[in-house]
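Asker: Pasting the sequence and the predicted coordinates here, then a few questions.
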Amino acid sequence: MARKYIDCREYPSEMNCSIAIYADSEDELLEAAVQHAVSVHGHEDTPEFRETLRRMLKDAPRAAA
């Protein structure tokens with residue numbers, strides 16, 4: 001399974017947040033992203049918001065050996 005990430009800079013924000021979160025599973029990443037969005041940015045945890053974040057998840061580039 002490819003490592004996933006989400007970059008807060010890609011979501012419109014007045015805070016200009018520069019956080020990027022990486023995880024080995026999509027579910028783990030989504031949970032971390034929701035926690036960040038709710039606690040830092042004041043978003044409401046709704047099914048619609050989770051789906052918006054899920055669509056923003058991307059495959060992380062492979063690390064060079």
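Answerer: Yep, it's here.

Asker: What's the local residue count around the spatially closest residue to residue 16 that is not a sequence neighbour?
Answerer: Leaving out its chain neighbours, the residue that sits closest to residue 16 by C-beta to C-beta, 6 or more residues apart in numbering is residue 9, at 7.8 Å. Yep, even glycine has a C-beta here, placed from its N, CA and C like the rest. Using other C-beta atoms under 10 Å, residue 9 is surrounded by 11 other residues.

Asker: Could you check how far residue 9 is from residue 41?
Answerer: For residue 9, the distance to residue 41 (C-beta to C-beta, to the nearest Å) stands at 13 Å.

Asker: list residues touching both of those two?
Answerer: Common contact partners of residue 9 and residue 41 (C-beta atoms under 8 Å, 6 or more residues apart in numbering): residue 17.

Asker: ok so, going back, the residue nearest to residue 16 belongs to a strand, doesn't it?
Answerer: No - read with DSSP: H, G, I helix; E, B strand; the rest coil, residue 9 is helix and lies in no strand.

Asker: Just the pLDDT at it, thanks.
Answerer: At residue 9, the pLDDT value in this model is 91.

Asker: Thanks again, I'm all set now.
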